[in-house]
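# Model the structure of this input:
(2 chains)
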Amino acid sequence: MYEDILRNVTLPKSIKDEIKRKLEEIDVDEETARRIVDRCVEVYYQNLIEPGEAAGIVAAQSIGEPATQMTMRTFHYAGVAEIDVTLGLPRLIEILDVRKKPSTPMMTIRLLPEYAKDRDKAREIARKIEATYVKDVADISVDIYSLKIVIKPDERALRDKDLSVSDLKKILERKLKMEIDEEDGCLTIQISPDVEKPYKTLMDIFDRLKREVIAGIKEIKRVIIRREGDEYVLYTEGSNLKRVMKVKGVDFRRTLTNDIYEIYEVLGIEAARSAIIKEAKETLEEQGLNVDIRHIMLVADVMTADGYLKQIGRHGVAGSKQSILARAAFEVTVNVLLDAAVRGEIDELRGITENIIVGQPIKLGTGDVELIYRPKR
Amino acid sequence: MVPKKMSGIKFEILSPQEIRRMSVARIVSAETYDDDGFPIDGGLMDTRLGVIDPGLRCKTCGGKAGECPGHFGHIELAAPVIHVGYAKLIAKLLNVTCRECGRLRLPGKVREKFLSEIESRKELGQSYDEIVKEVYRRAKAVKKCPHCGTEAVEVKFEKPTFYYIDDHRLTPLDVREWLEKIPEEDLPVLGIDPKACRPEWFVITVLPVPPVTVRPSIILETGQRSEDDLTHKLVDIIRINQRFMENKEAGAPHLILEDLWELLQYHVTTYLNNEVSGIPPARHRSGRPLKTLAQRLKGKEGRFRGSLSGKRVNFSARTVISPDPCLSINEVGVPKEIAEELTVPIYVTERNVDEAREYILRTEHPKANYVVRPDGRRVKVMDANREELAEKVEPGWIVERQLKDGDIVLFNRQPSLHRMSIMAHYVRVLPYKTFRLNPAVCPPYNADFDGDEMNLHVPQSLEAQAEAKILLAVQQHILSPRFGGPIIGGIHDHISGLYILTRGEKLFSKEEVMFLIRNLEVKDLPEPVIKDGKPFWTGKQIFSLILPKITLEFKAEICRGCDECKGKDCEFDAYVVIDDGELIAGTIDEKAVGAFKGMIIDEIVRRFGNDVAKKFVDDMTHLAIRAIMLTGFTIGIDDEDLPEEAIAQIREIVNEAERRVFDLIKAYNEGNLEPMPGRSLEETLEVMIMRELGKARDRAGRIAERFLGYNNPAVIMAVSGARGSMLNLTQMSACIGQQSVRGERINRGYTYSNRTLPHFKPGDLSAKARGFVESSYKRGLSPVEFFFHAMGGREGLVDTACRTSISGYLQRRMINALQDIKVEYDGTVREQSSETIVQFRYGEDGVDPMKSFRGRSIDIDRIVKEVLGG
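Numbering: from 1, shown residues only, chains lettered A, B, ... in the order given. Now for the predicted structure:
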């Protein structure tokens, strides 16, 4: 019944759903329901934004003003006590700057139903994801006298990672592109004394060995398993969305990263837009600041409107402005003017700053109205 | 008033011919003034370039100083020099064109392909930077000119203006000759518009000399002339130029000429930009680096940001602000002295000519200061000409009368972070020297009265005044567009006052009620409670007098979050019930009328609009102030006194915490501590100690809370949200707690022995040694505690100082990125200059965040209640 009333009403779907839910909750007759819906439409139209409104400036102010109250303290424990994440003003700047790598990348990995409930299976996946270094599963020592590196595997650690000594040997041979000998449970790398600078080579290989990842995903430094409701969720320090999504058992539809650029590269621009909105909103909310989501959405839309990610600032939105004067008034004034002259650019004076500079009314709000009333004499 | 429309500005490079054509004088002399102090002909102050001295006339246009805008001159350089700004571009050009035929080292076909791509990008309004970059990259890689077959040589560029082939330096003359050979057809793919410039113009042969008006000299108190930095620099250029010419004519050795050439290059470079890396900046005699052309444009105080985007204005005033709760929120108290200086124009018509005349004739406060005649002449009204002007005034004149009560003005406090930082107020001319404002408008301005100053501007045109009254008035900004809730509301004493008034069932006698409502426009009193034969009214009844007819229910700020809410039977009087404008139950506090939270204000704005809400805030502030005056409200140092018993308990808690910390350290030292997942042993210990000490402070706080009681005025302020928090109070009376730097316990100091102060043993990790302050502010801190407390306090100060600049820059960037975005008539959101659609519907539902109900498009609950109720 309520659906019929709502069918021919011009309201966004989300509002319709909300009205329907409410009507079902209070359970009224058709006549009243109709009156409520009519009133809703009336109120909705009253609440619409007015044409000419400087939506951009209001959005910028609405985010910028509370930013002055945010903390500078970089680290804080959010959600998972074991993982440090950047929060507050530095994080907000990071989001708007579209940094290629956030200072504290982090992922929230959710698992497919058949894995999510089982702690052992969750741990299994965690093991597959977490980067394992040689030093995690073996002791490495250098024998300078005989130009040898001795890798002494730790049986327990290896078993924990589901590897055998021969696995380790194979992986290392592939990674280092070198022959590795196995003698009484130890792996040894022999450097021939004939090579140029044998000691340097030895130490170089030793250093490389320390950095070599033998299992898991290189970027993922640490995985924490947590129970949330009735499922196990993995939180990681470090992020590599593309590879984590491919891991069997990971529910990639519910897997997140806080690296917006990575989301853009892997999932596309719309996903990046959602990520910006989500991250910015959470950053503000965590500081107890109340900002309407529409402002954040506008900022995210401006950053993504061209189909690729543009930062807020000289190298992005502000730098790709068409107006020379607007760019010159922002940053790198002199170069902007020099370049404009070479290209013979024309500033068509359509934006705000340009018109302020030349002393004309701006096309916003009341300045946007061209209709003028001329009373008869 | 429809203003003249400028349709565009084209940027090009001046050709030498153009420079000569627009020049009115060739400047040859390095001298500026002769012995009598008159400008020398052919010198930098030549009167053909315009005049700055009063009395002289411009030889070009005949205008006096102030009338003549100035005219350009020129200097013929004896030898060409590189333009620093284009040095890098020149280097790029030299590396992609042939040294023999000057053509781009790409086959014609390839060039055409790139060209068409650039054209199509241009048409679509997209950036073609990458394609140009690709052209340079490809052409540079070609080793042999495809047109004439000459081997390509690499031209090395050395900053700022030198070019080498192998080790042979190219003179600017060589460079210019090479660039001349580049054919016009090759320019577009190189990112150069052939209509705007020729590459050889990047090498300067003729230097334009800006008019005198651009570089005025100032006369010091001593009577000496002090020339502008640009003039100094031009003098240098002319001098070297002349020397070079003389030497050349005299046939000086090549080496000397080269040195002079380099010197000329240096002077021209620094004339254009005095902050080029690689060369020392030209300095004034005093050692200060000169401010040359690029420096004039750049930066915050530069031409663009300092003089074009922002300007100094007339008709404004600035002074200290102070509170006056008797004013309405949309009024501002203006000192009489300021009101007598600022003016509002009366555009004289037939209808107001008498009124205008009256102002001219007045000799006291709202009088006319100036009149402006139709020819634009401004005449000061004085005793001598008052009668005469009054006689003459007629339609078409403008009379500038002094500011008086009821005028509209804009009021502003920096930093103007959001649009509520500039609002329109109505003037109330008052004695004394400060601007007065109702404290309820402090939150949007973020103002307090510890010495803050604010600015006031008087809109001059009728359009501006109308706009101010309709759009900028304070009541239009009660709801914030940031979150769709009220940003104007009671603060401090307003909240305490209403809290005291409405808490419980206080009774007020008729005299008291009359005192309370004296400032309100109340005609009838409600039915009184009769006690001992006398009429009494409750505080809730009195508050109801100012309430419009709203119906509302909510939990107050003082709500203690019981497990089961008893609704209006709340034993703490913390559940507010308002029925049809009647406060039935509950206490009014921050949640009801405070800024940011004010439920009642929110409801009134939505139900009855801004003007009713404004009236409510006015009445509320008046009532609250009277209420707090009637009952009296004060705190003193003894309000934080705790009984012996409480102090003993707190001491016990602190001691126990210290014992536990000691145990933890012991466990850590003995290796019995189990690390938390993902943390090292040390980190685990720190986290556990912090947790233990935090718990101790909280427990101490709870004891203090219990002993302070709910009638303690400081507690009243804290729980009602008027000022301060329970944490502040417990720190004053019980225990200050852990001090931290960088979110950790204090661990800096003597790093090598790992201790914070010499008072402790090396490696001491105990609570006291790492900044736990167990004293209260009232009891006082020990010297060691004081030191740690100062460390924590200093971090806070530094943090705030750094934050303002960082967030200020963020704000600037965001405004710059988003300023051209507006909502169109079709509901889409577009960027103005490119007309890119950013959103098809603003915020996905088209709803104004200010009108939204705390973010939601419509408030369904209210609509339902409204429909069902009526």
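
# buried set for stretch A:43-50?
For stretch A:43-50, burial by neighbour count (16 or more other CB atoms under 10 Å in any protein chain shown) applies to A:43-44, A:47-49. Where C-beta positions appear, they are placed from N, C-alpha and C, glycine not excepted.

# for stretch B:846-865, same thing?
Buried-residue list, stretch B:846-865, by 16+ other CB under 10 Å: B:846-853, B:855-860, B:862-864.

# again with stretch A:118-126
So, applying 16+ other CB under 10 Å, buried residues of stretch A:118-126: A:121-122, A:125-126.

# what about it, distance to the chain center?
Mean C-alpha position of stretch A:118-126 versus that of the full chain (CA atoms, centre = their mean, to the nearest Å) differs by 25 Å.

# ok, now stretch A:32-51?
Worked out by CA atoms, centre = their mean, stretch A:32-51 lies 37 Å from the chain centre.

# same question, stretch B:352-364
Once both centres are worked out by CA atoms, centre = their mean, stretch B:352-364 turns out to sit 41 Å from its chain's centre.

# got it, and stretch B:177-191?
When distances are taken as CA atoms, centre = their mean, stretch B:177-191 is centred 45 Å away from the chain's centroid.

# Show the contacting residues for B:Ala734.
In this structure, B:Ala734 makes contact with B:642, B:646, B:650, B:700-701, B:703-704, B:776, judged by CB atoms under 8 Å, 6 or more residues apart in numbering or on different chains.

# ok, so of those, who is nearest chain A?
Of all the contacts of B:Ala734, chain A sits closest to B:Gly701, with 20.4 Å by CB to the nearest CB.

# give me the number of residues near the nearest residue to the closest one once chain neighbours are set aside?
Spatial nearest neighbour of B:Gly701, chain neighbours left out: B:Thr730 (3.4 Å); criterion: CB to CB, 6 or more residues apart in numbering or on different chains. Around B:Thr730 there are 25 other residues, counting by other CB atoms under 10 Å in any protein chain shown.

# where do the strands sit along the stretch 51-200 of chain A?
Assigned by DSSP state E, counting those that start in this stretch, the strands in the stretch 51-200 of chain A fall at A:75-77, A:84-86, A:106-110, A:132-133, A:138-143, A:148-153, A:181-183, A:186-190.

# Nearest to B:Ile219 among these would be which one?
Closest of the strands of the stretch 51-200 of chain A to B:Ile219 is strand A:84-86, at 56.7 Å (criterion: CB to CB).

# Residues contacting the helix or strand harbouring B:Val867, please?
Using DSSP states H and E, the element containing B:Val867 is helix B:860-869. Helix B:860-869 has contacts (CB under 8 Å, 6+ apart) with A:18-19, A:22, A:26, A:28, A:32, A:35-36, A:39-40, A:43, B:551, B:606, B:853.

# ok, of the residues you listed, which come out buried?
Buried among the contacts of helix B:860-869 (16+ other CB under 10 Å): A:18-19, A:22, A:28, A:36, A:39-40, A:43, B:551, B:606, B:853.

# any idea which of the residues you listed is least confident?
pLDDT across those is lowest for A:Val28, at 79.

# For the stretch 1-150 of chain A, which residue gets nearest to chain B?
Counting by CB to the nearest CB, the stretch 1-150 of chain A gets nearest chain B through A:Gly56, at 2.9 Å.

# hang on, that residue packs against B:Asn816?
No: counting by CB atoms under 8 Å, A:Gly56 stays clear of B:Asn816, with 10.1 Å between them.

# who's more crowded, those two?
More crowded of A:Gly56 and B:Asn816, by other CB under 10 Å: A:Gly56, with 28 against 24.

# So which of the buried residues of stretch B:846-865 are in helices?
Counting by DSSP state H, those place B:860, B:862-864 in helices.

# Export these as a markdown table, with columns for pLDDT.
Listed next are those as a markdown table, based on pLDDT from 0 to 100:
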| residue | pLDDT |
| --- | --- |
| B:Ile860 | 84 |
| B:Arg862 | 82 |
| B:Ile863 | 84 |
| B:Val864 | 83 |
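
# ok, those vs B:Ala574, which is closest?
B:Arg862 (22.7 Å).

# how much space is there between that closest one and B:Val353?
From B:Arg862 across to B:Val353, the span is 52 Å (CB to CB, to the nearest Å).

# Identify, from the contacts of B:Ala734, the entry nearest to B:Glu463.
B:Gly701 (57.4 Å).

# can you count the residues close to the closest one?
B:Gly701 has 21 nearby residues by other CB under 10 Å.

# That one touches B:Cys735, doesn't it?
Yes: proximity of B:Gly701 to B:Cys735 meets the contact threshold set by CB under 8 Å, at 7.4 Å.

# does any bit of the helix or strand B:Ala466 falls within sit next to chain A?
Element membership for B:Ala466 (DSSP H and E) is helix B:462-467. Yes: judged by CB under 8 Å from any CB of the partner chain, helix B:462-467 and chain A are in contact via B:Glu467.
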